[in-house]
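Colleague: I would like the atomic coordinates for the input below:
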Amino acid sequence: MNAPIPNLTHWQERCDMAAAFRWTARLNMHEAVANHFSLAVNADGSRFLINPNGRHFSRITASNLVEIDANDPATMSRPDAPDPTAWGLHGSIHRALPHARCVMHVHSIHATVLASLADSRLPAIDQTSAMFHNRLVVDDHYGGMAFEEEGARCATLLADPKTIVMVMGNHGVLVIGQTVAEAFNRLYYFERAAETYIRALQTGRPLRILPDAIAEKTAQEWEAYPGFADAHLSELRAILDAEANDYAA
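Modeller: This is a model prediction of the structure:
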């Protein structure tokens, strides 16, 4: 892994972010040069790292992440300004919600299929989907691309700190966490859970839905599972490092 580049702060966080981008592309959960991940780097969450405009997830590095201020109205006039929808959605969330430290938004296939259903809730039908029991909000009022007005509306739906996933109806999915590892782990498992649910629906047979008490118990056990998300991201970084990958450059 390359050494930190002088004058760039938050190096380890940058490397974690870059690894998450690379692995998301490897899992085909990205979409062209759209979709965005962001990470707050100050106490109130207003300053955050985000991917550069128009850069494919598979080419993002630690050093080319952009640091911006959600409260700076001149941001979109910068030569390295982020994508306008990234500013609208992620800027609104970081401006309003200090608890939303890491925000990951994608149009991954199975999560977007779920977001396209008239009922976009995810029932707890297995151990993985139980992770999100009573921790998910569905946005039923898509209003177009996530420029500032739409982004601000979406941010209001995440006000409850217990909410870790927003199924964005007619759009995609947004996941939040306290760290890159936590958010990416949730993003990965939500896509898995959505795939299992969609495939279960395709059988046309009745679903085996967990009782609320067991689903909640399982969700709490996921939350308390020691070091799981950190180990997940650490292993992904180890794989990338073994490949002499340039994500940490």
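
Colleague: Not counting sequence-adjacent ones, nearest residue to Asp69?
Modeller: Among residues not flanking Asp69 along the chain, Arg47 sits closest, at 5.3 Å (CB to CB, 6 or more residues apart in numbering). To be clear about C-beta, it is placed using only N, CA and C from the backbone, and glycine gets the same treatment.

Colleague: Apologies, that question was intended for Thr75.
Modeller: Per CB to CB, 6+ apart, closest to Thr75 is Ile68, 5.2 Å.

Colleague: distance of that neighbour from Asp16?
Modeller: As judged by CB to CB, to the nearest Å, Ile68 and Asp16 stand 18 Å apart.

Colleague: Pick out whichever of those two has more residues nearby.
Modeller: Per other CB atoms under 10 Å, whichever of Ile68 and Asp16 has more neighbours is Asp16, with 26 against 23.

Colleague: List the contacts of the more buried one.
Modeller: Neighbouring residues of Asp16 by CB atoms under 8 Å, 6 or more residues apart in numbering: 179-181, 233, 237.

Colleague: could you give the mean pLDDT of the helix or strand hosting the residue nearest to Thr75?
Modeller: Secondary structure assignment for Ile68, by DSSP states H and E: strand 66-69. What strand 66-69 shows for mean pLDDT is 97.

Colleague: Can you work out which other helices and strands pack against it?
Modeller: Applying 3 or more CB pairs under 8 Å, 6 or more residues apart in numbering; DSSP states H and E, we find strand 66-69 packed against strand 47-50.

Colleague: Work out the gap between the helix or strand just after the strand holding Ile68 and the centre of the chain.
Modeller: Per DSSP H and E, the first helix or strand lying C-terminal to strand 66-69 is helix 84-86. Here helix 84-86 is found 15 Å from its chain centre; the criterion is CA atoms, centre = their mean, to the nearest Å.

Colleague: No further queries at this time; thank you.
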